[in-house]
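Chemist: sequence plus the predicted model coming up.
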Amino acid sequence: MTKSQHSFGRGALLLCLLAFLKLGVPAHAQESPYFVTYDHYLEEPGSLEVEYFSNFATQRGGNDFHSYWVELEYGATAWWTTELYLDGQTTFGDSTVFTGFRLENRFRLLKREHVINPVLYVEYEQISEADKIMKEIEGHDVEADHAVPNSILRQGHNHEIELKLLLSSTHSGWNFAVNPLATKPLMGGEPWEFGYAMGVSRPLALKASSKRCSFCRENFVAGVEMYGGLGDRASFGLSETAHYLAPVVAWNLPSSWTLRLSPGFGLNDNSHQFLLRWGVSREFGGFGSTVARWFGGSK
């Protein structure tokens with residue numbers, strides 16, 4: 001990608017985001033603080049959530065980097081949420097590259113709330129090996145993989161199907177979630193790779209204030225998540241894998257904006273020593289009906 005193409009891509013993405021910010025009716029919801037772990041809650045039907053996330057990571061044996069991605073999440077039905085990711089990264093002292101896209105779908109398997117609520121997660125990834133958003137850790141993904149220069153990494157391309165079983169339970173305000181995952185590269189005959197993510201979180205207060213406010217305790221959700229790789233089919237287990245522990249916090253504003261922050265810490269020598277994730281998102285209720293009116297005309 002040339003410099004002019006990269007500038008055009010960033011400009012088009014910015015214009016797209018600005019357009020979305022002018023659409024729809026805000027719909028406030030209590031958003032999860034997790035960055036890697038998923039709970040069982042899906043997007044409201046007909047609502048669109050626009051999200052931007054960043055991940056800064058230290059790098060031994062190479063240059064630190066800042067990866068980032070935009071998510072467009074749409075509630076297709078009460079049991080199906082679909083999502084598009086656009087990924088990029090900047091490696092300091094190296095270059096900035098667009099690394100690809102992901103198409104995610106989550107399907108709620110049970111209609112009503114249960115003690116444990118399963119959701120099936122299916123994702124298709126078309127990304128280069130320069131992708132560093134670390135949305136999941138799988139197989140033998142380790143810190144050293146990110147030390148290779150972008151000029152080499154961007155030549156490799158990954159086409160993968162990723163499957164997760166999202167197991168989540170909420171009791172007395174506490175959410176507990178466990179996400180085992182399996183990924184199958186669609187090219188080169190590579191084996192299945194495995195990983196996990198788990199998290200626990202809770203609002204700072206369960207009782208809502210009688211007044212509309214930004215700094216009320218119930219607007220803050222805090223917790224912790226842990227995630228890592230579990231090898232592949234040929235060498236399943238903890239050998240030569242990376243693992244992270246990360247406190248998480250989300251601030252849900254009455255204006256339907258949500259801010260998230262998470263410092264992460266590597267738990268072994270295969271892991272980056274430090275990660276810093278942050279994100280901002282806004283939900284737009286009634287987006288589906290608005291688009292339908294555009295194409296179908298008002299009735």
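Modeler: On my side now, so go ahead. Residues are numbered from 1 along each chain as shown.
Chemist: got a list of what the spatially closest residue to E240 that is not a sequence neighbour touches?
Modeler: Leaving aside its chain neighbours, E240 sits nearest to H140 (5.1 Å; criterion: C-beta to C-beta, 6 or more residues apart in numbering). All C-beta spots, glycine's among them, are computed from the backbone N, C-alpha and C. By C-beta atoms under 8 Å, 6 or more residues apart in numbering, the contact list for H140 reads E193, G229, G231, D232, S235, E240, T241.
Chemist: swap in C213?
Modeler: Counting by C-beta under 8 Å, 6+ apart, C213 makes contact with N219, P254.
Chemist: so how far is P254 from it?
Modeler: Applying C-beta to C-beta, to the nearest Å, the value for C213 to P254 is 7 Å.
Chemist: also L42?
Modeler: For L42, the distance to P254 - C-beta to C-beta - is 22 Å.
Chemist: equivalent analysis for V122, please.
Modeler: Relative to P254, and taking C-beta to C-beta, V122 is found at 34 Å.
Chemist: go on, L230?
Modeler: Distance of L230 to P254, computed by C-beta to C-beta: 41 Å.
Chemist: again, but for G61
Modeler: The value you get for G61 to P254, if C-beta to C-beta is used, is 46 Å.
Chemist: same thing with D269?
Modeler: 44 Å.
Chemist: same check on N63?
Modeler: Distance of N63 to P254, given as C-beta to C-beta: 40 Å.
Chemist: of these two, who's got more company?
Modeler: Ranked by neighbour count (other C-beta atoms under 10 Å), N63 and P254 place N63 first, with 15 against 12.
Chemist: quick one: the more buried one is in a strand?
Modeler: No - under the criterion used here (DSSP: H, G, I helix; E, B strand; the rest coil), N63 is coil, not part of a strand.
Chemist: doesn't T90 make contact with it?
Modeler: No - look at N63 against T90 with C-beta atoms under 8 Å: they stay out of range, at 9.7 Å.
Chemist: direction included, what does the longest strand belonging to the chain pair up with?
Modeler: Taking DSSP state E as the criterion, the chain has its longest strand at strand 157-171. Strand 157-171 sits in its sheet next to strand 117-128 (antiparallel), strand 174-185 (antiparallel), going by DSSP bridges.
Chemist: nearest to G286, of the ones you listed?
Modeler: Checking the strands paired with strand 157-171 against G286 by C-beta to C-beta gives strand 117-128 as the closest, at 24.0 Å.
Chemist: what is the rounded mean pLDDT of the closest one?
Modeler: Across strand 117-128, the average pLDDT comes to 98.
Chemist: mind listing what's buried in it?
Modeler: Residues of strand 117-128 classed as buried by neighbour count (16 or more other C-beta atoms under 10 Å): N117, V119, Y121, E123, E125, I127, S128.
Chemist: columns distance to P33 on top of those residues, output as CSV?
Modeler: Below are these laid out as CSV (distance: C-beta to C-beta, whole Å):
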residue, distance to P33
N117, 18
V119, 18
Y121, 19
E123, 21
E125, 24
I127, 25
S128, 29
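Chemist: dump the host helix or strand of S67 to PDB, restricted to CA.
Modeler: For S67, the element it lies in under DSSP states H and E is strand 65-75. The C-alpha coordinates for strand 65-75 follow below in PDB (Å, rounded to 0.1, in the frame of the first residue of the first chain):
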ATOM      1  CA  PHE A  65       3.900  -0.900  18.700                       C
ATOM      2  CA  HIS A  66       0.500   0.600  18.700                       C
ATOM      3  CA  SER A  67      -2.300  -1.500  17.100                       C
ATOM      4  CA  TYR A  68      -5.900  -0.300  16.500                       C
ATOM      5  CA  TRP A  69      -9.100  -1.400  15.100                       C
ATOM      6  CA  VAL A  70     -12.600  -0.200  14.300                       C
ATOM      7  CA  GLU A  71     -15.700  -2.400  15.000                       C
ATOM      8  CA  LEU A  72     -19.100  -2.000  13.500                       C
ATOM      9  CA  GLU A  73     -21.500  -4.200  15.500                       C
ATOM     10  CA  TYR A  74     -25.100  -4.700  14.500                       C
ATOM     11  CA  GLY A  75     -28.000  -6.500  16.200                       C
END
